[in-house]
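A.B. asks: below are the sequence and a predicted model; questions follow.
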Number of protein chains: 2
Amino acid sequence: MRPLTLDMLNPQLQTVQYVVRGELAIKAETYRDQLKSGGHNLPFDKVISSNIGNPQQKGLDQPPITFTRQVAALTEWPALADLAPGVFPADVVARAKGLQDEIGSIGAYSHSQGDRDGHSASPDDIFLTAGADAGVSLLINMLITDPTSGILIPIPQYPLYTATLAQHHGRAIPYLLDESSGWSTNPASISAALAKTKEDGTTPKALVVINPGNPTGALLTAATMAELVKLCEEHSLVLLADEVYQSNLHEKERHPFTSFKKIVRDLNSPVPLVSFHSISKGVRGECGRRGGYFELTNVSEEVRALIYKLVSVGLCPPLAGQIGVDSMVRPPKKGEPSYALWKSETDAIHTALASRTKIMAQRLNALPGVSCVESPGALYLFPKIELSAKAVKVAREKGKEPDAFYALRMLDETGICVMPGSGFGQREGEWHYRLTCLCPGVEEYVGKLERFHMGFVQKYGSA
Amino acid sequence: MRPLTLDMLNPQLQTVQYVVRGELAIKAETYRDQLKSGGHNLPFDKVISSNIGNPQQKGLDQPPITFTRQVAALTEWPALADLAPGVFPADVVARAKGLQDEIGSIGAYSHSQGDRDGHSASPDDIFLTAGADAGVSLLINMLITDPTSGILIPIPQYPLYTATLAQHHGRAIPYLLDESSGWSTNPASISAALAKTKEDGTTPKALVVINPGNPTGALLTAATMAELVKLCEEHSLVLLADEVYQSNLHEKERHPFTSFKKIVRDLNSPVPLVSFHSISKGVRGECGRRGGYFELTNVSEEVRALIYKLVSVGLCPPLAGQIGVDSMVRPPKKGEPSYALWKSETDAIHTALASRTKIMAQRLNALPGVSCVESPGALYLFPKIELSAKAVKVAREKGKEPDAFYALRMLDETGICVMPGSGFGQREGEWHYRLTCLCPGVEEYVGKLERFHMGFVQKYGSA
């Protein structure tokens, strides 16, 4: 007998790649510790986490929505309503009381019946989860029937999808998004990916669409969405719609968000649809609560019962996350005491994000060898960077992907942590990185990015 | 294309059994709804949930520990410290401030370095999870290397284990606990189970031990634990120690709890050990927060790095759960303002649970055809019931396991929801049920159980 070593474990899991918490993120933490302990000689005085869409983390400090936190505090310690009279607005007290009466009495803690996009929603079709990723993982586990099963994944993608597929012994079927038309989703590229599966014996089971896109920030038009639904019909694919950024819209009039549920229902399509939502993004940014839900459309009663059973094995999603979902789907209404503050807080977050995204895209586009699609939604930009043959050679010698090498140099010189495009997938021979648009102090921040890029080009030459 | 139906899904998942949220639990919810809406003609006026160890649920109403909830409320809305001066004790304010400074700055939110059972603990070996079950699921996923991999599971067991094995395509290798000696774990029965695996080509990878036991309430002696560790050494098994009930001890002097970590370290054994803990049980009963952790012993650096990566794909355990873990491992100390209340709250919970467990076991043992091991730990009793040939026949005709039939009749007549032994596993031809010892009003409750049992015997005869 010897200690537990890798060779004793599921080999499939060792293929899991997860750039968002990879080498760069770990190095950024090391720098942060060095800065905290003092006595360092780093060329920066703070680490800026642009690697993960975690709006409330230190350094970004997007303030939480007061209403949500007031309700949560009162649910944690209900005696506060009496011990601190007048501190909580009346609608907060009423909401907390209502939740208190509900929680515990029903295991599944269902969601009130509602209506969205002109189509009804039934609580039976909605499952609360610990963040969208818990739902994605469950659905992928269910859809992989054998090791030849595959799921269509956009490239670039949010790497949760390939990581979860690896955990559940399924195959990723990559389809390319089109950078030249603003990272649009072209049904023809999905058809091309499907044609390839016939050659390698992969059975396509589902199509993942991330809208608004991560890492691209793109928004699908209703016309494209209808084409995608038709394509799912033709190929008997389940549609997995990751819509967690649906309320991060920077130009609502020109680029509105349409839900896949609306498209599927409007078309009267039989396509099975699972749409995912979360409280971690949007104006809430409540990543730490772990709250989210998925909604089923065109799914049989028996499958719903199976999902209920499987969800129950995980016991229940965290109540703090459930309370967060409640305040997302039932925010204060006009005329209620908490409305004015809620409105000003959410407006401020929307405005700041839209303005930062615009400034960053413009300034990045002005740099030599950098081009960046201006993003109408989500929290990210995904600029393309041209790297010289010399830069590529040096990177390869160090055993790094060239864009990872670029990102590591950026971290070393500026303290800014971004994620290399190679972690999300990209066309062969192209290089990108993803950065969030969450950092305050955009002038200082973009200034650092510009100086770093110019220095890098000076050192390694332009492409 | 047609709606999503069962035949399109992973067949393995359809074999998942999870009695804790099965037919009985669903029927109990229906009764609860009927009672709430009025106009029913049920022979009881409340449903008593004895099916799940969820101490704070409605009807049980074990009060939460005030300290934990005060810290949580203040972390949710830090402005409260100033808005409600004097409402929070000084140690609560200090703890919340400390957590606030910590959270967000470090992704993994590590645990302060500590020492337990005379052996040191390193934060690198500890991973915070969303309840113990999330950790169990991860470890089982890692240890199942191919479909012949098996894990030794006690019978009776907490059905999370078989359900999770089914989800990850692994095999359960059952070993029988010995009811005649107080549900003790006999290493010989594990050896017998291992011998059988040679016949059916199963590769044993790990041994699950639940201590204190669920559903049995048994406690292992240090001598038995040492034998189990030796057995793991001989057969190269990873030891998975489910120790979530470690602080639910009813007779601490006669039946103390010893951690497997102490045994492994004292023996200087190389056996890889993963021990699981949770905030859902003990005196906390904070099931809804989803907090827990596991600690690794004798696990290589590379495996720890892999676990870190896999845990990161799930992003992070809920902060509310992490805060709960903090207050479990760092409760108020003597001399601190919150100590007296904390002490009286936790003492009251321990005392009530121990006393209810004793009374219930005595009264059950006095019934004809019922025998019940008196439990020194955890939250449950698992009485054996003898059922007549007539009862067995009627049950089979209705397509039910005989103990499920008994439990359904109990629910129909008394509103008490217990779980049949067949959902946990038991010797062929024996029948049991599991009930929690969490219900207040033990006189009324046990009286109902007694009247039901006598009526059942009258109707179906004794065995």
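C.D. replies: All right, it came through fine.

A.B. asks: and the helices in the stretch 251-400 of chain A?
C.D. replies: For the stretch 251-400 of chain A, the helices defined by DSSP state H, counting those that start in this stretch cover A:260-266, A:301-313, A:319-329, A:339-365, A:389-397.

A.B. asks: does the first one reach chain B?
C.D. replies: No: figure legend: helix A:260-266 not in contact with chain B (CB under 8 Å from any CB of the partner chain); closest approach 11.3 Å. In short, each C-beta sits where N, CA and C put it, glycine included.

A.B. asks: quick check: mean pLDDT of that helix?
C.D. replies: Taken as a whole, helix A:260-266 carries a mean pLDDT of 96.

A.B. asks: then stretch A:412-421?
C.D. replies: Averaging pLDDT along stretch A:412-421 yields 95.

A.B. asks: residues in contact with it?
C.D. replies: For stretch A:412-421, contacts defined as CB atoms under 8 Å, 6 or more residues apart in numbering or on different chains pick out A:19-20, A:24-25, A:27-28, A:31, A:42-51, A:156, A:215, A:382, A:384, A:401, A:403-404, A:406-407, A:410-411, A:430-435, A:445, A:448-449, A:451-452, A:455.

A.B. asks: gap between that stretch and the chain center?
C.D. replies: 19 Å (CA atoms, centre = their mean, to the nearest Å).

A.B. asks: and if you look at stretch A:283-292?
C.D. replies: Using CA atoms, centre = their mean, the offset of stretch A:283-292 from its chain centre is 11 Å.

A.B. asks: do the same with stretch A:253-261
C.D. replies: Counting by CA atoms, centre = their mean, stretch A:253-261 comes out at 17 Å from the chain centroid.

A.B. asks: pretty sure A:L80 contacts A:L74?
C.D. replies: Yes: judged on CB atoms under 8 Å, A:L80 makes contact with A:L74 at a distance of 5.7 Å.

A.B. asks: which helix or which strand is home to A:L24?
C.D. replies: According to DSSP states H and E, A:L24 maps onto helix A:23-37.

A.B. asks: can you tell me if that helix touches chain B.
C.D. replies: Yes: using CB under 8 Å from any CB, helix A:23-37 reaches chain B at A:A25, A:E29, A:R32.

A.B. asks: the residue nearest to A:V92 when sequence neighbours are not counted: neighbour count?
C.D. replies: The spatial neighbour of A:V92 that comes closest, neighbours along the chain excluded (CB to CB, 6 or more residues apart in numbering or on different chains), is A:Q70 at 4.5 Å. For A:Q70, the neighbour count with other CB atoms under 10 Å in any protein chain shown is 27.

A.B. asks: got phi/psi on A:Q70?
C.D. replies: Per-residue torsions, A:Q70: phi -70, psi -50 (degrees, to the nearest 10).

A.B. asks: A:P89 is in contact with that one, correct?
C.D. replies: Yes: counting by CB under 8 Å, A:P89 is a contact partner of A:Q70 at 7.2 Å.

A.B. asks: okay, and the common contacts of these two?
C.D. replies: Common contacts of A:Q70 and A:P89 (CB under 8 Å, 6+ apart): A:S338.

A.B. asks: which bits of the stretch 251-400 of chain A sit near chain B?
C.D. replies: Within the stretch 251-400 of chain A, the positions near chain B by CB under 8 Å from any CB are A:269-272, A:287-290, A:296, A:298-300, A:302-303, A:306, A:308-310, A:312-321.

A.B. asks: please indicate which of those are buried?
C.D. replies: Using 16 or more other CB atoms under 10 Å in any protein chain shown as the burial test, those include A:269-272, A:287-290, A:296, A:298-300, A:303, A:306, A:308-310, A:312-321 as buried.

A.B. asks: which element, helix or strand, includes A:A241?
C.D. replies: Counting by DSSP H and E, A:A241 is found in strand A:238-242.

A.B. asks: restrict that strand to CA atoms and write it as CSV.
C.D. replies: Output of strand A:238-242 as CSV, limited to C-alpha atoms (Å, rounded to 0.1, in the frame of the first residue of the first chain):
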residue,chain,number,x,y,z
VAL,A,238,-31.5,18.7,-27.4
LEU,A,239,-30.8,22.5,-27.1
LEU,A,240,-28.9,23.6,-24.1
ALA,A,241,-29.2,27.3,-23.9
ASP,A,242,-26.7,29.0,-21.5
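
A.B. asks: partners of it in the sheet?
C.D. replies: Neighbouring strands of strand A:238-242 in its sheet, by DSSP bridges, are strand A:203-210 (parallel), strand A:273-278 (parallel).

A.B. asks: what's in contact with the helix or strand just after the first one?
C.D. replies: The C-terminal neighbour of strand A:203-210 among helices and strands, as given by DSSP H and E, is helix A:222-235. Defining contact as CB under 8 Å, 6+ apart, one finds that helix A:222-235 is touched by A:184-185, A:187, A:190-191, A:194, A:204, A:207, A:209, A:211, A:220, A:237-239, A:258, A:260, A:263-264, A:267, A:269-271, B:1.
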